[in-house]
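> Curious how this folds, go ahead:
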Amino acid sequence: MDRRNFLKVTAATGALVAISPSTITGRLYADANIMFQTYEKVQLLDANGAAIKASSLVKETNYVFNYPFTSTPSILLDLDSPTAQDVSLKSEDGQEYIWKGGVGSKKTIVAYSAICSHQLAHPTPDDSFLQYCTKDKKTMAYEHGGVMVCSSHLSAFDVSQGCKRLAGPAAQPLASIIIEVAEDDTLWAVAVLGPDKFHEYFKAFKPEFKKYYGGKREAKNLVTANAKMVPLTEYTKEIIQY
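The predicted model follows:
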């Protein structure tokens with residue numbers, strides 16, 4: 001497995017400890033206020049049920065998979081250049097945490113919760129207001145492309161630096177989905193880093209959960225074993241981007 005996406009935790013002695021996402025259970029609040037939640041390790045599969053390989057990803061393409069819950073969408077990207085490393089981020093209530101950077105052989109693969117940290121806009125099978133805007137496109141949310149954009153209220157996030165907020169009303173980064181690349185090049189989701197919006201999300205969209213998943217209880221089921229991942233263009237009917 002690619003174990004480079006570790007967390008640095010400040011222990012009581014002041015020493016730095018590297019911890020693998022796959023070996024932690026439960027929510028971690030270290031002295032440095034790092035927020036980290038492990039879930040079952042889930043393999044990413046294509047629409048036909050075949051394992052997706054990191055080397056098969058198309059650069060700057062929005063890939064959508066639901067994790068860690070049946071109804072919570074995430075976006076995976078293979079960027080065209082390596083990300084920053086060891087980025088210090090902060091939640092809206094002031095808690096700091098470290099995003100270690102992209103994974104894969106070129107440190108270009110990243111994944112984030114696709115639930116906006118402002119007012120919870122997210123991709124659905126009908127439409128998507130939140131997605132990555134490629135570098136060659138313009139967006140009203142920021143001065144250039146190459147950013148994650150929520151067109152609902154024009155927030156922009158830096159995908160190469162842990163999806164930290166760049167512009168707009170969002171008060172904090174998007175939560176990061178921790179991805180591991182196995183020795184056979186397969187992709188696995190293992191955890192969530194940073195402040196997520198899952199609790200508010202489950203309170204806000206009951207009619208949607210009934211429409212797409214059969215109800216709130218089904219929507220809150222944890223994903224186990226594997227998750228289907230497809231391009232956003234196959235996941236949703238309409239992509240809305242300003």
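
> Now do the buried residues in the longest strand along the chain.
Taking DSSP state E as the criterion, the chain has its longest strand at strand 35-45. With burial defined by 16 or more other CB atoms under 10 Å, the residues of strand 35-45 counted as buried are 35-39, 41-45. For every residue, glycine as well, the C-beta is placed using N, CA and C.

> which SS class is residue 208?
Secondary structure of residue 208, reduced to three states by DSSP: H, G, I helix; E, B strand; the rest coil: helix.

> low-scoring pLDDT stretches of the chain, where are they?
Scanning the chain for pLDDT under 70 picks out 1-34.

> could you pull out the helices for it?
198-204, 206-213, 216-219, 232-235 (DSSP state H).

> Same list, these, but as CSV with mean neighbour count and distance to residue 85 please.
Output for the helices of the chain, formatted as CSV (neighbours: other CB atoms under 10 Å; distance: least, CB to CB, whole Å):
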stretch, mean neighbour count, distance to residue 85
helix 198-204, 14, 27
helix 206-213, 15, 37
helix 216-219, 15, 35
helix 232-235, 16, 27
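
> so which of these comes closest to residue 65?
helix 232-235 (8.8 Å; CB to CB).

> So which elements touch that closest one?
strand 63-66 (3 or more CB pairs under 8 Å, 6 or more residues apart in numbering; DSSP states H and E).

> chain center to the strand it packs on: distance?
With CA atoms, centre = their mean, to the nearest Å as the basis, strand 63-66 stands 9 Å off its chain's centre.

> Which other helices and strands does it contact?
strand 73-78, strand 226-228, strand 230-231, helix 232-235.

> Would you mind finding the most buried of the ones you listed?
Comparing those by mean neighbour count (mean count of other CB atoms under 10 Å), strand 73-78 ranks first with a mean of 24.

> Show me how far that strand is from its chain's centre.
Worked out by CA atoms, centre = their mean, strand 73-78 lies 6 Å from the chain centre.

> For residue 240, see how far away the residue lying closest to residue 236 once chain neighbours are set aside is.
Once flanking residues are discounted, residue 236 sits nearest to residue 128: 4.5 Å by CB to CB, 6 or more residues apart in numbering. Residue 128 sits 7 Å away from residue 240, going by CB to CB, to the nearest Å.

> Looking at these two, which is more packed in?
residue 128 (26 against 13; other CB atoms under 10 Å).

> What separation is there between the more buried one and residue 116?
Between residue 128 and residue 116 the distance is 11 Å, computed by CB to CB.

> any common contacting residues for the two?
residue 122 (CB atoms under 8 Å, 6 or more residues apart in numbering).

> Would you mind confirming that residue 239 is in contact with residue 131?
Yes. With contact defined as CB atoms under 8 Å, residue 239 counts as touching residue 131 (6.2 Å).

> Since that was my last question, I'll sign off now.
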